[in-house]
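Colleague: model this:
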Amino acid sequence: MCSGSSLSPHQQGTFDTSSLSKDHIKITDSDYGKIWDLDRCGGCTHIFANPYPNKEFIQSLYERTEDPLYQEEARGRAKNFKRILKVLDRFHPEKGILFDVGAATGILLDISRKRGWLVEGIEPSTWAVRTARERYDLDIMEGPFEEARLQDSRYSVVTMVDFIEHIPHPLEAVTAARKILRPGGTLCLVTPDVHSVAAKIMGLKWWHYRPGHLAYFSKKSLETLLHRAGLHIIKMRKYSWTFSLHYLLSRRSGPKLLLKNHILASLSKKIPIKLALQDSFEIYAAKDRQK
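Modeller: Residues are numbered from 1 along each chain as shown. Okay, here's the model as predicted:
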């Protein structure tokens, strides 16, 4: 991140990484507390898996990942994305082209299109790309963002919602995002805050400690990341989540017994719960207009 050489062990891994499968890295995975061997940079405080898993292996898992529960929560996730788009609409009232990295099944892109944006995106999961096409008539690119051939200075906005914690080289991805942004364009990042109160209280039970996450960011490391990529922060706040009661109950084994009652299960899917846990960053960073 900061090219510093002052690395120290942060946390020993808590699961057998050789057993990693596509089901461990789903968006709705609930294997909380399972982490890689983590190191910490003394310079920028970035925490990351060291050694990183093989990039080609990780990509192959994401290509084969299927996650129907993610799409079942489309209503709640749409509420999350609408809050982001309200900010982006203010920064870019003229709209333009929005590019979503890690677009999943296209929920954010579908909402953006309805608000007047032209939309494009990329997603590695074959299942998610197919779902986006069938559900929303979205033609999302399939593959890893870092290998995509995209036009420089084309996009008004690039969104990376819960993306950079999943990849081994976040600086490469953020630099690539800057390259495709037009001058004055905005990158929106959402990623967990490893120094949040929730993370400190819950320890390894924190819900962002999971097999699919290879990196954990602090305010300092994010500022370093964005500065090195040639972007400057214009807004930072904490991200709020909205999920159905059904989804939240399904995260733990005990309450799952309640969901065996079909009437209660159906009702719980219609009850939205907003979680303002203050444990994820929502950051907007701009590319200079002169560049």
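
Colleague: what does stretch 225-232 contact?
Modeller: The contact list for stretch 225-232 (Cβ atoms under 8 Å, 6 or more residues apart in numbering) reads 1-2, 44, 46, 164, 170-171, 174-175, 177-178, 187, 189, 217, 233, 283, 285-288, 291. C-betas here are computed from N, CA, C, even on glycine.

Colleague: Leaving out the residues flanking it, which one is nearest to L7?
Modeller: D39 (4.9 Å; Cβ to Cβ, 6 or more residues apart in numbering).

Colleague: Is it possible to mark the buried ones in the contacts of stretch 225-232?
Modeller: 1-2, 44, 46, 164, 170-171, 174-175, 177-178, 187, 189, 217, 233, 283, 285-287 (16 or more other Cβ atoms under 10 Å).

Colleague: Show only the entries of those found in helices.
Modeller: Using DSSP state H, the subset of the buried ones among the contacts of stretch 225-232 located in helices is P170, L171, V174, T175, A177, R178.

Colleague: got the contact list for the closest residue to the first one other than its chain neighbours?
Modeller: Spelled out, it's P170. The shortest distance from P170 to any non-neighbouring residue, by Cβ to Cβ, 6+ apart, is to I164 (4.2 Å). Contacts of I164 were listed using Cβ under 8 Å, 6+ apart, and they are P170, A173, V174, L189, T191, A215, F217, L225.

Colleague: Let's see that with 7 Å instead.
Modeller: P170, A173, V174, L189, T191, A215 (Cβ atoms under 7 Å, 6 or more residues apart in numbering).

Colleague: go on, A215?
Modeller: Counting by Cβ under 7 Å, 6+ apart, A215 touches H46, I47, F48, I164, E165, P170.

Colleague: swap the cut-off to 6 Å and go again
Modeller: Counting by Cβ atoms under 6 Å, 6 or more residues apart in numbering, A215 makes contact with F48, E165, P170.

Colleague: biggest strand in this protein, by residue count?
Modeller: strand 181-192 (DSSP state E).

Colleague: Show me what that one pairs with in its sheet, parallel or antiparallel.
Modeller: As defined by DSSP bridges, the strand partners of strand 181-192 come to strand 155-161 (parallel), strand 280-286 (antiparallel).

Colleague: And that strand, what's buried?
Modeller: Buried residues in strand 181-192 (16+ other Cβ under 10 Å): L181, R182, G185, T186, L187, C188, L189, V190, T191, P192.
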